[in-house]
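Trainee: I'll drop the sequence and a predicted model, then ask my questions.
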Amino acid sequence: MQEQTMWGHPKGLYILFFTELWERFSFYGMRAILVLYLTAQTTGDNPGLDWTSKEALALYGWYGMFVYFMGIFGGAIADKWLGQKQSVLVGGVLIILGQFSISIDSLMTFYSGLILLVCGVGLLKPNISTMVGGLYKKGDIRRDAGFTIFYIGINIGALAAPLLVGYIGETYDWHLGFSLAGIGMILGQIVYVFGRKHLQGIGDLLKHSATEAHLATKPLSKVEKDRLIVLLLSFLIVIVFWAAYEQAGGLMNLYARDSVDRLLFGWEIPTSWFQSLHAFYVVLIGGPMAVIWLRWSKKGKESSAVFKMAVGMIIMAVSFLALMGAVYDASLSAIGKAPIYWLLLSYFLHVVAELSISPVALSFITKLAPAKYASLTMGAYFAIVGIGNKAAGLLGEAAQESGVMTVFAIIATMCFIVGLLVFALVKKLKTLTHGAEDEILESPHDEEAQSIAE
């Protein structure tokens, strides 16, 4: 069957684009108000649970860990029983049930909702990403551009969610905000169900013959083992990156509420709105950064995935230097609050780092992972993201004792050291990939990909 394309990419990409857009609207809407709801007082017109910041950040860390850690089980379920396509469908239903459970004013339904969300995202997230990779044949340069387009879709949802869910939840009713996040996931499911005709042959459960089943017990080759070593090392980078990045929904969220001057022409910006900054910057600079990296590689300069990750870690370190500047400025301020521009700068640098690491890592996995473990490997990646989320929660908790300046300095130092170490290992790690990325760079679709990215 001839591939159906739209703007140079398979039509299925845009079905997955909009499905993930609404799933991320649901996820980031809930994320934007979770710690704010937990720490809000039980009195007043919009009561919360009146937890301490440390308790709220602890739950935030555990939730972030499990919601991604379940991806490894979601990948295994897809590989063995449901297939990726059906796993995405079932995961979406569980997410809808979870969001509406949270919206009920009851601790029992709140915790039940979190469990449903963990299971739902665990099924959906790794499998929809693997399906994006399945849209492209081996050696197709459009794969990286496709993941960038998909990633921009993620961030359109993440941009809208804090503005809408955050405003409704923070200003009117927390539970109404959680319900709005659930409605977003319903829209995502509608897109997915009616658009599956463009995903024929993508994400189906593979039926293996007796011969294929015998080969599936065959040991990994040396090339596959070497590539797995590179993936494992890249996973360590990912842990540190997400431990830093996920301060946004936890410690930085509370810091913005308590220690940043949010007054603009006499109006106080809702705290949750700052959760849109990441996504806004991704949508703004995602395309230009893809073009920059493509042109960089066409000039013959170092542009491997590992190199990009090293660059991202250094930039992430600088973003926390900006936050240290905010803490210093606040200490000198008469009102004890930092100017808003420090937060805007830090979020911008977060996103430059993110675009050098996160979509690159997703594409990297689809290039290096053994085919028979595709979903499982993607699930393992999200499990690693979960560990990073838990580390982020622990760092946030530590700030309640040692202070934000100390924690911001620790994160900056940690990212800088990891970045330097990866720079030193780029050549060795490229050798261990056995040309997996070279096959992509030499694709005949190169010119088409640049025009698409632009």
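Mentor: Yep, that arrived.

Trainee: isn't V282 right up against N155?
Mentor: Yes: if you go by C-beta atoms under 8 Å, V282 and N155 touch, sitting 3.8 Å apart. For the C-beta atoms, the positions are set from N, CA and C on the backbone; glycine is no exception.

Trainee: what touches both of those two?
Mentor: Here V282 and N155 share no contacting residue, scored by C-beta atoms under 8 Å, 6 or more residues apart in numbering.

Trainee: against W342, how distant is Y255?
Mentor: Note on Y255: its distance to W342, by C-beta to C-beta, to the nearest Å, is 10 Å.

Trainee: overlap in contacts of the two?
Mentor: Joint contacts of Y255 and W342 (C-beta under 8 Å, 6+ apart) are L323.

Trainee: what about the two, which has more around it?
Mentor: Per other C-beta atoms under 10 Å, whichever of Y255 and W342 has more neighbours is Y255, with 23 against 19.

Trainee: what about the protein, any weak spots by pLDDT?
Mentor: Flagging of the chain using pLDDT under 70 yields the residue ranges 1-7, 207-216, 375, 438-454.

Trainee: so who does the residue nearest to T130 when sequence neighbours are not counted touch?
Mentor: Excluding the flanking residues, the one nearest T130 by C-beta to C-beta, 6 or more residues apart in numbering is M378, at 4.7 Å. Contacts here follow C-beta under 8 Å, 6+ apart; on that basis M378 touches 71, 75, 126-127, 129-130, 362, 365-366, 369.

Trainee: phi, psi for M378 please.
Mentor: In terms of degrees, to the nearest 10, the main-chain angles of M378 are phi -60, psi -40.

Trainee: any idea how far K137 is from D79?
Mentor: The gap separating D79 from K137 is 21 Å, by C-beta to C-beta.

Trainee: so if I had to pick from these two, which one is more boxed in?
Mentor: Neighbour count, other C-beta under 10 Å: between D79 and K137, D79 has more, with 22 against 11.

Trainee: so that one makes contact with Y373?
Mentor: Yes: using C-beta under 8 Å, D79 is in contact with Y373, at 7.5 Å.

Trainee: what's the neighbour count on G336?
Mentor: For G336, the neighbour count with other C-beta under 10 Å is 11.

Trainee: with V360 instead?
Mentor: Close neighbours of V360, defined as other C-beta under 10 Å, add up to 25.

Trainee: please tell me how far it sits from W342.
Mentor: Relative to W342, and taking C-beta to C-beta, V360 is found at 27 Å.

Trainee: same question, A399
Mentor: Going from A399 to W342 by C-beta to C-beta gives 16 Å.

Trainee: buried ones in the helix or strand encompassing A353?
Mentor: Element membership of A353, judged by DSSP states H and E, is helix 340-368. Using 16 or more other C-beta atoms under 10 Å as the burial criterion, the residues of helix 340-368 that qualify are 340, 342-343, 345-368.

Trainee: grab the nearest non-local neighbour of F69.
Mentor: With C-beta to C-beta, 6+ apart as the criterion, F69 has its nearest non-adjacent residue at 3.6 Å, and that residue is G386.

Trainee: near that neighbour, how many other residues are there?
Mentor: Residues lying near G386 (other C-beta under 10 Å) number 27.

Trainee: adjust the sequence numbering to begin at 43 for everything that follows.
Mentor: Happy to do that; since the first residue is 43 now, the last one works out to G428.

Trainee: residue contacts, it?
Mentor: 106-113.

Trainee: of those, which is the nearest to T475?
Mentor: Nearest to T475 among the contacts of G428: G113, at 23.1 Å, using C-beta to C-beta.

Trainee: need the nearest residue in space to the closest one, chain neighbours excluded.
Mentor: Nearest non-adjacent residue to G113, counting by C-beta to C-beta, 6+ apart: F424, 3.0 Å away.

Trainee: right, and that neighbour touches L166 too?
Mentor: No: the pair F424 / L166 is not scored as a contact, 10.3 Å apart, by C-beta under 8 Å.

Trainee: of these two, which one has the most company?
Mentor: L166 (29 against 23).

Trainee: where's the more buried one relative to A82, distance?
Mentor: Using C-beta to C-beta, L166 is found at 29 Å from A82.

Trainee: repeat that for P52.
Mentor: 45 Å.

Trainee: same thing with D300?
Mentor: Look at D300 and A82: by C-beta to C-beta, they are 13 Å apart.

Trainee: packing partners for the helix holding A395?
Mentor: helix 149-176, helix 184-203, helix 264-287, helix 293-301, helix 319-340, helix 347-374, helix 416-444, helix 478-483 (3 or more C-beta pairs under 8 Å, 6 or more residues apart in numbering; DSSP states H and E).

Trainee: distance between the longest one and the chain's centre?
Mentor: Spelled out, that is helix 416-444. 11 Å (C-alpha atoms, centre = their mean, to the nearest Å).

Trainee: ok, the first one next?
Mentor: Here the centre of helix 149-176 is set off from its chain's centre by 13 Å, with C-alpha atoms, centre = their mean.

Trainee: and the second one, by the same measure?
Mentor: Offset of helix 184-203 from its chain centre (C-alpha atoms, centre = their mean): 10 Å.

Trainee: which helices and strands does it pack with?
Mentor: Other helices and strands packing on helix 184-203, by 3+ C-beta pairs under 8 Å, 6+ apart, are strand 51-52, helix 53-81, helix 149-176, helix 216-237, helix 319-340, helix 382-410, helix 488-495.

Trainee: flag every buried residue along the fifth one.
Mentor: Under the neighbour-count criterion of 16+ other C-beta under 10 Å, helix 319-340 has 319-325, 328-329, 331-333, 335-336, 339 buried.

Trainee: give me the nearest residue to G226, chain neighbours excluded.
Mentor: Excluding the flanking residues, the one nearest G226 by C-beta to C-beta, 6+ apart is F67, at 3.8 Å.
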